[in-house]
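# Sequence isn't available, so here's the structure alone:
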């Protein structure tokens with residue numbers, strides 16, 4: 001279970017890093033570690049120390065608890081966590097820059113209408 005939590009925290013770090021537009025090397029430089037260590041964090045191979053989690057949260061401008069997102073699910077059931085693709089992350093970044101709530105709503109409705117229904121939509 002500890003490994004699953006490390007993997008989930010690592011995925012959250014990767015998502016935040018990508019959304020911020022940082023390379024692994026750029027994040028590593030800000031954390032004072034090697035990019036290989038960032039890779040190990042993101043894969044869940046190595047645990048992230050509390051001090052590094054706090055440092056990451058300050059770099060990302062989020063609360064430490066956000067880096068633990070979905071870890072609570074692991075304590076009950078070992079559910080697979082979907083990882084957004086790079087394309088999905090870029091889409092979200094562009095969507096947020098639109099600025100118009102009405103345009104965002106219309107695009108969201110269009111995407112929802114075009115998407116094949118998933119199990120949760122049935």
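Structure received. Values in this document were obtained by computation on a predicted structure and should not be read as measured data. Numbering: from 1, shown residues only.
# count of residues packed around residue 104?
Residue 104 has 13 neighbours, counted by other C-beta atoms under 10 Å. In short, each C-beta sits where N, CA and C put it, glycine included.
# And it, which helix or strand is it part of?
helix 101-114 (DSSP states H and E).
# do residue 94 as well
According to DSSP H and E, residue 94 maps onto helix 86-96.
# quick check, distance from that helix to the centre of its chain.
The chain centroid and the centroid of helix 86-96 are separated by 12 Å under C-alpha atoms, centre = their mean, to the nearest Å.
# what domains does the record give for the chain?
1-83, 84-122 (automatic domain parsing).
# Adding mean pLDDT, write those domains out as TSV.
As requested, these are arranged in TSV below (pLDDT from 0 to 100):
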stretch	mean pLDDT
domain 1-83	85
domain 84-122	78
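# Against which helices or strands is the helix holding residue 94 packed?
If contacts are counted by 3 or more C-beta pairs under 8 Å, 6 or more residues apart in numbering; DSSP states H and E, helix 86-96 sits against helix 2-20.
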